[in-house]
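Novice: Fold the following.
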Amino acid sequence: MPKQTKIKIPLRTSGLCWLWVAAIVLVLDYGTKYIAKAHLSLYKPLAVMPGFNLALSFNKGAAFSFLQHQPGWQVWFLGVISAVVTVGILIWLRRLSRREVWLGVALSLIVGGALGNLLDRIMQGQVTDFIQLYVSHFYWPSFNVADSAICVGAVLLFWKTLFDENIS
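Specialist: Okay, the predicted model is just below:
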């Protein structure tokens, strides 16, 4: 019998060690979406404090409801983009040293958020949003924990790219 070779993924020495951040984002995203769907009424905001409501809504499109009113192809299109980006970032993390803390955390936040919204698209054909911010009569589009993680990760990535000469 031929000898089997094991594929070694350098979890302890690569940027993959930061995937626990993605796991936390995924759990928080799923949990908060579950609570929002169980306790909030669709399009009926619950005032938390001035400038902040909890308001259940669903989005079949992308950010700012882009492609929201298309006949359904956008759900699969956005899902494929999300999956491809996630695989690309996982490859980047694997090649990254665990010592690149901020870059590893940034990429893991993006992965966690992308997977959170991807699971929504796969399981229900739309993304659950419930966080609503506003100033006076100007409302920011509703979003969720996954969206927040993606944004924070992107800002960290942008900051690291802009101000660090040793970007990995």
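
Novice: C-alpha only now, for contacts and for neighbours.
Specialist: Will do.

Novice: Please, where are all the helices along the chain?
Specialist: Listed in chain order, the helices of the chain (DSSP state H) span 19-39, 73-95, 101-124, 145-163.

Novice: tell me the average confidence for the second one?
Specialist: Averaging pLDDT along helix 73-95 gives 85.

Novice: Could you do stretch 111-129 as well?
Specialist: Computed over stretch 111-129, the average pLDDT equals 91.

Novice: Output that stretch as PDB, nothing but the C-alphas.
Specialist: Provided in PDB are the C-alpha atoms of stretch 111-129 (Å, rounded to 0.1, in the frame of the first residue of the first chain):
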ATOM      1  CA  VAL A 111     -14.000  36.300   6.900                       C
ATOM      2  CA  GLY A 112     -16.300  36.100   9.900                       C
ATOM      3  CA  GLY A 113     -18.600  38.800   8.500                       C
ATOM      4  CA  ALA A 114     -18.500  37.300   4.900                       C
ATOM      5  CA  LEU A 115     -19.400  33.900   6.200                       C
ATOM      6  CA  GLY A 116     -22.200  35.300   8.400                       C
ATOM      7  CA  ASN A 117     -23.900  37.000   5.500                       C
ATOM      8  CA  LEU A 118     -23.200  34.000   3.200                       C
ATOM      9  CA  LEU A 119     -25.000  31.600   5.600                       C
ATOM     10  CA  ASP A 120     -28.000  34.000   5.600                       C
ATOM     11  CA  ARG A 121     -28.000  34.000   1.800                       C
ATOM     12  CA  ILE A 122     -27.700  30.200   1.600                       C
ATOM     13  CA  MET A 123     -30.300  29.400   4.400                       C
ATOM     14  CA  GLN A 124     -32.900  32.000   3.700                       C
ATOM     15  CA  GLY A 125     -32.100  33.700   0.400                       C
ATOM     16  CA  GLN A 126     -31.600  37.100   2.100                       C
ATOM     17  CA  VAL A 127     -29.600  38.800   4.800                       C
ATOM     18  CA  THR A 128     -31.100  39.800   8.100                       C
ATOM     19  CA  ASP A 129     -30.400  43.300   9.200                       C
END
